[in-house]
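Trainee: Next comes the sequence, and after it the predicted model I'd like to discuss.
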Amino acid sequence: MTASFPAIRMRRGRTEPWMRSMLAEHRLHPSDFILPLFVCAGQGCEEPIAALQGVSRWTVDRIGAQAKAAAALGIPCVALFPNTPAGLRSERAEEALNPDNLICQAVRAVKDACPDIGVLTDVALDPYTAHGHDGLVDERGRVLNDETTAVLVSQALVQAEAGADIVAPSDMMDGRVAAIRAALEGAGKIDTAIMAYAAKYASAFYGPFRDAVGSRGLLKGDKRGYQMDPANAGEALREVALDIAEGADMVMVKPGLPYLDIVAAVRREFRLPVFAYQVSGEYAMIEHAAAAGAAERDALILETLLAFKRAGATGILTYHAVDAARLIGA
Ligand SMILES: NCC(=O)CCC(=O)O
Ligand SMILES: [Mg+2]
């Protein structure tokens with residue numbers, strides 16, 4: 001017999017839906033997602049965010065219902081972000097330490113409405129500074145590392161005290177994970193976890209988020225003095241190794257899709273949960289592509305999210321979490 005047929009027919013595994021389902025190496029589940037929620041001042045309000053079509057800011061009295069709806073879909077955790085009123089933003093971000101600020105009120109509201117969902121809060125000063133940077137700045141406009149870390153420690157404690165389950169330093173200061181861990185232990189907050197934004201890149205994909213939290217136009221200069229250079233991969237592994245050594249329970253890579261090589265490398269190198277943040281610009285690209293008729297929205301959502309799983313992500317922070325959980329229908 002002549003070998004006039006392919007020795008191996010890969011297509012046999014693709015013939016029928018049941019076969020494809022049986023052989024799938026990765027799949028999406030609602031428990032893969034963390035839903036970011038934006039909080040605004042006021043009462044009884046939903047404020048649609050123009051730059052993030054389909055995403056809104058919610059007042060504290062309405063945030064609990066959003067978390068409840070997410071939990072009902074099987075989403076295990078929400079990430080809360082405040083749009084601090086302009087009058088409360090300052091050079092030194094004092095409002096970040098107010099135990100009754102928007103974020104603390106929102107944490108309590110979510111916990112009241114839905115005790116079973118996890119609450120993650122961002123530790124960084126950009127929603128509270130008048131200059132839009134994640135930390136305190138010197139007279140030349142450079143972000144001060146150790147002075148900022150001291151404020152971040154207090155901010156993390158205030159959030160943990162309000163009930164945050166996971167504090168997520170997103171500032172990229174050196175040494176802040178160790179300082180926050182030590183302070184949490186000292187305060188008896190031994191179960192408050194730290195998800196370190198370990199490899200956060202200085203990215204062009206954050207634009208719509210700055211609208212969402214009201215810091216667009218405030219930023220003086222850029223964040224390249226503390227966030228990572230998109231040119232670098234090895235440096236990301238060093239950042240992750242440091243955050244692990246300092247006591248991070250889980251790490252994050254951000255943005256998401258353009259940095260899947262980093263997610264995959266972190267997964268290969270380390271044995272701890274690694275999350276990816278599909279950021280606002282990625283969300284906007286999908287929404288705009290779908291609105292322009294370039295591609296089918298639901299398919300884009302599911303394919304991009306599945307790509308994170310394939311790369312090795314434990315979970316994904318995504319503004320599409322609710323849509324995706326509905327689409328999966330698990
Ligand atoms: N610390 C949280 C973010 O910076 C989010 C960025 C985005 O969604 O563009
Ligand atoms: Mg670092």
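Mentor: That came in fine, so what should we check first? Numbering: from 1, shown residues only. Ligands and ions are numbered 1, 2, ... in the order given.
Trainee: Any residues of the stretch 101-250 of the chain in contact with ligand 1? List them.
Mentor: 122, 170, 205-206, 209 (Cβ under 6 Å from any ligand atom). (Each C-beta comes from the backbone N, C-alpha and C, glycine too.)
Trainee: Which ones among those lie within strands?
Mentor: Judged by DSSP state E, those include residue 122 as members of strands.
Trainee: out of the residues of the stretch 101-250 of the chain next to ligand 1, who's nearest residue 10?
Mentor: Nearest to residue 10 among these: residue 205, at 35.0 Å, using Cβ to Cβ.
Trainee: re the thing from before, identify the farthest-apart pair in the residues of the stretch 101-250 of the chain next to ligand 1.
Mentor: 122 and 205, at 16.6 Å, using Cβ to Cβ across those.
Trainee: Pull out the CA atoms of the helix or strand hosting residue 195 and give them to me as CSV.
Mentor: Applying DSSP states H and E as the criterion places residue 195 in strand 193-200. Output of strand 193-200 as CSV, limited to C-alpha atoms (Å, rounded to 0.1, in the frame of the first residue of the first chain):
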residue,chain,number,x,y,z
ALA,A,193,-4.5,39.3,50.2
ILE,A,194,-2.2,41.3,47.9
MET,A,195,-2.5,41.1,44.2
ALA,A,196,0.5,43.0,42.9
TYR,A,197,0.3,44.8,39.7
ALA,A,198,3.8,43.4,39.2
ALA,A,199,4.3,44.1,35.5
LYS,A,200,2.4,47.2,34.6
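Trainee: Give me the residues contacting it.
Mentor: Strand 193-200 is contacted from outside by 120, 165-172, 177, 180-181, 184, 227-228, 236, 239-240, 242-243, 246-254, 259, 262, 266, 275, 277, using Cβ atoms under 8 Å, 6 or more residues apart in numbering.
Trainee: hey, where'd the helices end up in the stretch 151-300 of the chain?
Mentor: 176-186, 207-212, 234-246, 260-269, 280-291, 297-311 (DSSP state H, counting those that start in this stretch).
Trainee: do the same with the stretch 1-150 of the chain
Mentor: Under DSSP H, counting those that start in this stretch, the stretch 1-150 of the chain gives helices at 17-23, 60-72, 102-113, 145-162.
Trainee: For residue 53, which of the ones you listed is the nearest?
Mentor: Of all those, helix 60-72 comes closest under Cβ to Cβ, at 17.1 Å.
Trainee: Flag every buried residue along the closest one.
Mentor: For helix 60-72, the neighbour count (16 or more other Cβ atoms under 10 Å) marks 60, 62-64, 66-67, 70-71 as buried.
Trainee: So out of everything in the stretch 101-250 of the chain, what residue is nearest ligand 1?
Mentor: residue 209 (3.2 Å; Cβ to the nearest ligand atom).
Trainee: you'd agree that residue is up against residue 280?
Mentor: Yes: assessed by Cβ atoms under 8 Å, residue 209 is found in contact with residue 280 at 3.9 Å.
Trainee: what is in contact with those two at once?
Mentor: residue 52.
Trainee: Any stretches of the protein with poor pLDDT?
Mentor: 1-2, 330 (pLDDT under 70).
Trainee: Just the CA atoms from stretch 50-57 would do, formatted as PDB, please.
Mentor: Below are the C-alpha coordinates for stretch 50-57, written out as PDB (Å, rounded to 0.1, in the frame of the first residue of the first chain):
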ATOM      1  CA  ALA A  50     -18.600  58.000  26.900                       C
ATOM      2  CA  ALA A  51     -15.100  56.600  26.300                       C
ATOM      3  CA  LEU A  52     -16.300  53.200  27.500                       C
ATOM      4  CA  GLN A  53     -19.500  52.500  25.700                       C
ATOM      5  CA  GLY A  54     -21.600  50.200  27.800                       C
ATOM      6  CA  VAL A  55     -19.800  50.800  31.000                       C
ATOM      7  CA  SER A  56     -21.100  53.200  33.700                       C
ATOM      8  CA  ARG A  57     -20.200  54.700  37.000                       C
END
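Trainee: Can you give me the buried ones in it?
Mentor: Using 16+ other Cβ under 10 Å as the test for burial, stretch 50-57 gives 51-52, 55-57.
Trainee: same thing with stretch 83-94?
Mentor: 83-84, 88-89, 93.
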